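please work out how this folds:
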Amino acid sequence: MSRLSRQIPGIGDEAGAIVVEPRTVAAVPAETVYASKTLARFLSLLFARPAAEVVDLGPVIGSNITFLGERVGCKIHVEDLYADVDRHARQGELDHLPEFLGGRFALRDGSVDAVLCWDIFDFLAPRAAEVLAGKLTRMLRPEGLLLGFFGARASDDPRYTKYFIEDTAHFRHRFYPSACTRRWVLQNRDINHLFAGLELFDSVLLKSGVREILFRKRVPS
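Residues are numbered from 1 along each chain as shown. You can find the predicted model right below:
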């Protein structure tokens, strides 16, 4: 593992262009619980993979580690990209982010069963998004899963979101300060272009406008 990576064992162990929309500021509660339409399917597929390895691109959340460890017995690699993006923003080095992401992960290609992206792509400029999507695609094993959330609008709200898994069908949101705003809005064609090496397994548009998208890596023919 790289020094920027933290491995946590399971319990018991120019085709599609990226569109920039006008920013809006939305009033949101400090913490909310919402029903997910894709989490249950993601977990059911993951449960079928013994000793699964999962990459979590968010901050360390103990209850998520406990949940996944007790239900799956998996190994979790926490790779907090939000902290990386925040550091680059505070240092005025967002232009260097694509190069950084290209060498960010120590995990081998084809070594991971699932990736929890959360909404990290909403904070990435086009080139950084392309680099990250390509790396994650290569890291997945055949039939590996990738779950991501994609917002419908840009925003000047200077907060990131922590996603707490409440149960197999619900997340709880908690917000915390950020140096970045949700600048980038990906249309469906943009998302499909980024993850061209994966097949769309499930896609749901929530009433909030957020798209939950579940990809699965194709089995080589």
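
what segments of this structure are strands?
6-8, 31-35, 53-56, 75-78, 112-118, 140-150, 159-167, 170-177, 198-205, 211-217 (DSSP state E).

could you export the ones you listed as CSV, including mean pLDDT, distance to Leu45 and mean neighbour count?
Backbone N, C-alpha and C define where each C-beta goes, glycine included. Formatted as CSV, the strands of the chain follow (pLDDT from 0 to 100; distance: least, CB to CB, whole Å; neighbours: other CB atoms under 10 Å):
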stretch, mean pLDDT, distance to Leu45, mean neighbour count
strand 6-8, 40, 21, 15
strand 31-35, 86, 19, 12
strand 53-56, 97, 12, 23
strand 75-78, 94, 16, 21
strand 112-118, 97, 8, 23
strand 140-150, 97, 6, 21
strand 159-167, 95, 15, 18
strand 170-177, 94, 18, 14
strand 198-205, 95, 8, 16
strand 211-217, 97, 8, 22
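
which sections of this structure are below the confidence cut-off?
For the chain, residues meeting the criterion pLDDT under 70 lie at 1-30.

residues contacting the residue nearest to Arg218 when sequence neighbours are not counted?
In space, Arg218 comes closest to Glu199 once its chain neighbours are excluded; the distance is 5.4 Å by CB to CB, 6 or more residues apart in numbering. Applying CB atoms under 8 Å, 6 or more residues apart in numbering, we find Glu199 in contact with 215-218.

quick check: Arg49 touching Asp113?
Yes - the criterion here is CB atoms under 8 Å, and Arg49 meets it with Asp113 at 5.0 Å.

just give me the residue right at the centre of this structure.
Cys117 (0.8 Å; CA atoms, centre = their mean).

from what I see, it and Thr137 are in contact.
No - assessed by CB under 8 Å, Cys117 is found out of contact with Thr137, at 11.5 Å.
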